[in-house]
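Peer 1: Here is my input; please provide its structure:
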Amino acid sequence: MANRTSLTVIQLNDSHAYFDLHQEMFWQGGQAVYRLAGGYARIATIVKQIRAANQERVLFCDCGDTLHGTYPAQSTQGQAMIPVLNALGIDAMTAHWEFAYGPVAFKQLAAELSYPMLAINVYDQATKERFFPPYSVKEMGGLRIGLVGIACNIIDKTMPPSFSEGLGFTLGREELPGIINELRTKEKVDLIVLISHLGFAQDMKLLSEVGGIDVCLSGHTHNRLYKPAVQGKTLVIQSGCHGSFLGRLDLEIDGGRVVDYRHQLIEVEAKISPDPAVDDLVRQALAPHQEGLSMIVGETATALNRGATLETTMDNFLLQALLESTGAQLAFSNGWRYGAPIIPGVVTLNDLYNIMPMNPPISTVELLGEEIVAMLEENLERTFARDPYDQMGGYVKRSLGLTAYIKIENPFEQRVQQVFIGDEELQPGRYYPTAFVTEQGVAGKYGHNRQQHTERSIDALKAYLARHRPLHAELRGTFVAV
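Peer 2: Numbering: from 1, shown residues only. Down below sits the predicted model:
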């Protein structure tokens, strides 16, 4: 017992630049309910309270998807986030949507952080050198802790080319054993913590193949884990999204081994008093945008959220606006997970930017019936692949104008059973006018007569709200698992 040491690990993941309180969705009594949560000033209060009670034996790590996701972050290329994040006392992080600003701008942003950006799996293609350090070592409470980062590996595979220009991304499983060995033998660490943005399923498979990690802080897939998963000897936690939760893992360590642990998924409740210093930084970051973003642009009768895999009310709103704007027969958007809920009542401009902070232009294309099936099969494989390493993306591609009957458990290219366009079965060889946003909505290899319109997404959403007050965007059963 004399050598036993305690350590508290705090996790933040997928906060998506939600500076302050926002609506969050919870399940209660078999239905969705909404309440205010989150905000970096409340996160700061929780972390300071934990640190005060634990004699500085507290490690605070961020799994990424932090510098992008709301208008104030997007419009400043992440700069608005820097003072706030530096005030939180984070020890290390890794990345995903941070690459949206381009590798050069992201590298400059990372240099302004007061803690290291870590990634064992991102390489400069010209020099073959790592773009960020693979690990850092932190000493606290008599322990040497190795912190290893794995960035999201799909940046150069599914995201726009500008995100990964000049870079290459790997899964990290080839590099990880060597890094673990270096930390154990050269750095003489007592504990190794993996800060990952691969996704929960991917992390679980990786940890089944590579031993030696004590704790894995998992991100990307927005899981709310109310108790840790255990893979071999590794504890795995993930803690929701939008900064609505923190994960807390209290460890007892003896002889370089975790011998006991306690876990808590902490809701960042609205009643928590904001930390004054961080709250002031948040106010400064939001002030230039406050008046414009608070403008009321409509009203909704439907609670809008992205809390489901196959179809969501938030994306039905977006897709309805695309169809009305273009007169197309079908509409597609990507299966985004982020975007705080919008409860029934007034809708502000800020709400619209939370749906899609990039505000991309609307595009149209003509798709053959067989291309639509191929596109859906590809997307379903990226969502439900049996091998977690083949899962690349968010949820199922958001669609409107069709009804697809699918078998989720089937292998690739065998999931789509039937597709109907309205009441008529999809016809191979027939072209269907289609609206979409971003290459993730309809990849460039599909369709012909592709056109980018002058109208941007936010304008289409505003126009739709003006014509439909209140908005109705209920679920339609677009994808039916049979």
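Peer 1: From now on I want contacts and neighbour counts done on CA atoms only, so please keep to that.
Peer 2: OK.
Peer 1: for the protein, longest helix please?
Peer 2: Selection of the longest helix in the chain by residue count, based on DSSP state H, yields helix 276-293.
Peer 1: which strands and helices sit next to the helix or strand that that one is followed by?
Peer 2: The C-terminal neighbour of helix 276-293 among helices and strands, as given by DSSP states H and E, is strand 296-300. Packed against strand 296-300 by the contact rule (3 or more CA pairs under 8 Å, 6 or more residues apart in numbering; DSSP states H and E) you find strand 345-348, helix 457-467.
Peer 1: can I get the CA coordinates of strand 296-300 in CSV?
Peer 2: Taking Å, rounded to 0.1, in the frame of the first residue of the first chain, the C-alpha atoms of strand 296-300 are listed here in CSV:
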residue,chain,number,x,y,z
ILE,A,296,-34.6,35.7,-34.9
VAL,A,297,-35.1,34.1,-38.3
GLY,A,298,-38.1,31.9,-37.8
GLU,A,299,-40.0,29.5,-35.6
THR,A,300,-40.1,25.7,-35.3
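Peer 1: Give me the residues contacting it.
Peer 2: Counting contacts by CA atoms under 8 Å, 6 or more residues apart in numbering, the residues outside strand 296-300 that touch it are 343-349, 462, 465-466, 469-472.
Peer 1: What residues does Leu225 make contact with?
Peer 2: Counting by CA under 8 Å, 6+ apart, Leu225 makes contact with 237-240, 265.
Peer 1: switch to 10 Å and redo it
Peer 2: Taking CA atoms under 10 Å, 6 or more residues apart in numbering as the criterion, Leu225 is in contact with 236-240, 247, 263-265.
Peer 1: farthest-separated two in these?
Peer 2: Gly240 and His263 (14.4 Å; CA to CA).
Peer 1: Please identify which of those two sits among more neighbours.
Peer 2: Remark: of Gly240 and His263, Gly240 carries more neighbours, 25 against 18, as counted by other CA atoms under 10 Å.
Peer 1: ok, that one touching Gly199?
Peer 2: No: using CA atoms under 10 Å, Gly240 and Gly199 do not qualify as a contacting pair, with a distance of 11.9 Å.
Peer 1: Can you select the buried ones from the contacts of Leu225 in PyMOL?
Peer 2: Provided next is the PyMOL selection string for whichever of the contacts of Leu225 are buried by 16 or more other CA atoms under 10 Å:
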select buried, resi 236+237+238+239+240+247+263+264+265
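Peer 1: Can I get the contacts of Leu225 in TSV including pLDDT and distance to Ser15?
Peer 2: Converted to TSV, the contacts of Leu225 look like this (pLDDT from 0 to 100; distance: CA to CA, whole Å):
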residue	pLDDT	distance to Ser15
Val236	98	18
Ile237	98	15
Gln238	98	12
Ser239	98	10
Gly240	98	9
Gly247	98	12
His263	98	20
Gln264	98	18
Leu265	98	15
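Peer 1: Pick the one among the contacts of Leu225 closest to Leu36.
Peer 2: Gly240 (14.6 Å).
Peer 1: gap between that closest one and Thr221?
Peer 2: Distance, Gly240 to Thr221, by CA to CA, to the nearest Å: 8 Å.
Peer 1: Kindly report the same for Val193.
Peer 2: 19 Å.
Peer 1: Check Asp387 too.
Peer 2: Relative to Thr221, Asp387 is positioned 16 Å away (CA to CA).
Peer 1: Which residue of these two possesses the greater neighbour count?
Peer 2: More neighbours surround Thr221 than the other of Asp387 and Thr221, with 23 against 12 (other CA under 10 Å).
Peer 1: Name the SS class of that one, please.
Peer 2: The assignment at Thr221 comes out as coil when based on DSSP: H, G, I helix; E, B strand; the rest coil.
Peer 1: quick one: it from Val189, how far?
Peer 2: Between Thr221 and Val189 the distance, using CA to CA, works out to 29 Å.
Peer 1: With Arg57 instead?
Peer 2: Arg57 sits 15 Å away from Val189, going by CA to CA.
Peer 1: now swap in Cys61 and tell me
Peer 2: Taking CA to CA as the criterion, Cys61 is separated from Val189 by 17 Å.
Peer 1: Looking at these two, which has the bigger crowd around it?
Peer 2: Neighbours per residue (other CA under 10 Å) separate Cys61 from Val189, with Cys61 holding more: 23 against 20.
Peer 1: and the more buried one, what element?
Peer 2: In the assignment (DSSP H and E), Cys61 maps to strand 58-62.
Peer 1: What of Ala105?
Peer 2: helix 103-112.
Peer 1: What lies in contact with that helix?
Peer 2: Contacting residues not belonging to helix 103-112 are listed as 67, 77-79, 81-83, 86, 93, 95, 97-101, 116-118, 124, 131-132, 162-167 [CA under 10 Å, 6+ apart].
Peer 1: Buried ones only from the residues you listed, please, as a ChimeraX command.
Peer 2: Taking 16+ other CA under 10 Å as the burial criterion, the selection of buried members of these in ChimeraX is written as:
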select :67,77,78,79,81,82,83,93,95,97,98,99,100,101,116,117,118,124,131,132,163,164,165,166,167
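Peer 1: The contacts of helix 103-112 in strands, which ones?
Peer 2: Judged by DSSP state E, the contacts of helix 103-112 include 93, 124, 167 as members of strands.
Peer 1: Distance to Thr434 added to these, as a markdown table?
Peer 2: Supplementary listing: these in a markdown table, determined by distance: CA to CA, whole Å:
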| residue | distance to Thr434 |
| --- | --- |
| Met93 | 39 |
| Asp124 | 37 |
| Leu167 | 32 |
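Peer 1: Looking at these, which one is closest to Gln23?
Peer 2: Top of the list for closeness to Gln23, among those and by CA to CA, is Met93 at 25.4 Å.
Peer 1: Just give the nearest non-adjacent residue to the closest one, would you?
Peer 2: The spatial neighbour of Met93 that comes closest, neighbours along the chain excluded (CA to CA, 6 or more residues apart in numbering), is Asp62 at 4.5 Å.
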